[in-house]
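Novice: Task: produce atomic coordinates for the following.
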Amino acid sequence: MVEGMVKDGVIEPSSSPWCSPVVLLKKKDGNMRFRVDYRRLNDVTKKDSYPLPKIDDTLDMLTGLKWFSTMNLKSGYWHV
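Specialist: Predicted structure coming up:
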């Protein structure tokens, strides 16, 4: 799985102090799940949290607009 992602250019080797290791975990059904272990990065990240806006307010902001976009969250990680 990892070799395929490297071959496809989705991931690449890194020696950066900010890189995070790839972890493959077995799911209950036996398939493998690709994960990135961000614990070290999270330990040095400056926390800047705020509450998410209410979905009603967010959707109200789209009223009258002609153009807006959406992202498929299932595969959106690879598109960002």
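Novice: tally of neighbours for Lys66?
Specialist: Using other Cβ atoms under 10 Å, the number of residues around Lys66 comes to 4. Any C-beta I mention is one placed from the backbone N, CA and C, and that applies to glycine too.
Novice: ditto for Arg40
Specialist: Neighbour tally, Arg40, other Cβ under 10 Å: 13.
Novice: Same question for Val2.
Specialist: Val2 is flanked by 13 other residues according to other Cβ under 10 Å.
Novice: give me every residue that touches it.
Specialist: Shown in contact with Val2 (Cβ atoms under 8 Å, 6 or more residues apart in numbering): 11, 22, 24, 34.
Novice: Closest to Lys54 out of those?
Specialist: Of all the contacts of Val2, Lys54 sits closest to Phe34, with 32.5 Å by Cβ to Cβ.
Novice: which SS state does the residue of the chain positioned farthest from its centre fall under?
Specialist: For the chain, the C-alpha lying farthest from the average C-alpha position belongs to Gly64; by Cα atoms, centre = their mean, that distance is 30.4 Å. Judged by DSSP: H, G, I helix; E, B strand; the rest coil, the three-state class of Gly64 is coil.
Novice: and the gap between it and Arg33?
Specialist: Gly64 is 42 Å from Arg33, where distance means Cβ to Cβ, to the nearest Å.
Novice: got it, and Cys19?
Specialist: According to Cβ to Cβ, Cys19 stands 20 Å off from Arg33.
Novice: Compare those two and say which is more crowded by neighbours.
Specialist: Shown here are Cys19 and Arg33; by other Cβ under 10 Å, Cys19 has more neighbours (13 against 10).
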